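**Q** Sequence and computational prediction follow.
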Amino acid sequence: MWTVLIGVVIGLVLVWSLLIAALAIGRPRGTALTEALRLLPDVLRLIARLARDKELPRGVRVRLWLLVAYLAMPIDLVPDFIPVLGYADDAIVVSLVLRSVVKHAGGQALGKHWPGTPDGLAAVRRLAGLNDPPGQRSDDTET
């Protein structure tokens, strides 16, 4: 019985470690996570608006609703009470989902639903992997 319990605990720690490594690899480059955390209220409104947009593909909306569920869960990959790192995992997961949204729905969806300032939109576009100015629409679907 104890060997099974120890095996399960070791397996869970290994899976958790792999998920943390995946987050570290997938984190946005060149974008400060503190900038993403400052924009959190506007980003949450953006996610809700995108999830309700019937013009977006169903798969994109499903990803956004799963993101909302993840953010609402009290249990995270890295507990929120850990300074800096606690909220960093949420910011990384949000950036990965936004990159997926941009890849499948285009960058113009971000601009259409963004509730904040133009500077905030520029930061979110960088977080989503778009480096072009918001006025350019030619390569919005690239990541």
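**A** It's in. Residues are numbered from 1 along each chain as shown.

**Q** Please name the nearest non-neighbouring residue to the residue nearest the centre of the chain.
**A** The centroid of the chain falls nearest to Val94 when counting by C-alpha atoms, centre = their mean (1.1 Å). Counting by C-beta to C-beta, 6 or more residues apart in numbering, Val94 lies nearest to Val43, which is 6.2 Å off, once chain neighbours are set aside. Any C-beta I mention is one placed from the backbone N, CA and C, and that applies to glycine too.

**Q** Run through the neighbouring helices and strands of the helix or strand where that neighbour lies.
**A** Using DSSP states H and E, Val43 falls within helix 40-52. Judged by 3 or more C-beta pairs under 8 Å, 6 or more residues apart in numbering; DSSP states H and E, helix 40-52 is in contact with helix 58-72, helix 85-105, helix 108-113, helix 118-127.

**Q** Nearest to Arg38, out of those helices?
**A** Nearest of these to Arg38, taken as C-beta to C-beta: helix 118-127 at 8.4 Å.

**Q** Quick one: find the helix or strand in the protein with the lowest mean pLDDT.
**A** helix 33-38 (a mean of 63; mean pLDDT, DSSP states H and E).

**Q** could you measure the residue nearest to the centre of the chain against Leu12, distance?
**A** Val94 sits 25 Å away from Leu12, going by C-beta to C-beta, to the nearest Å.

**Q** what do you get for Leu121?
**A** 39 Å.

**Q** On the three-state scheme, Pro74 is what?
**A** Using DSSP: H, G, I helix; E, B strand; the rest coil, the structure places Pro74 in coil.

**Q** Now it: phi and psi?
**A** Main-chain torsions, Pro74, degrees, to the nearest 10: phi -80, psi -10.

**Q** Next, count neighbours for it.
**A** 6 (other C-beta atoms under 10 Å).

**Q** again with the one 5 residues further on
**A** Other residues within reach of Pro79, judged by other C-beta under 10 Å, total 11.

**Q** Check Gly86 too.
**A** 14.

**Q** for the helix holding Val43, which positions count as buried?
**A** 42-43, 46-47, 50-51 (16 or more other C-beta atoms under 10 Å).

**Q** top helix in the protein by residue count?
**A** Identified as the longest helix of the chain according to DSSP state H is helix 2-26.
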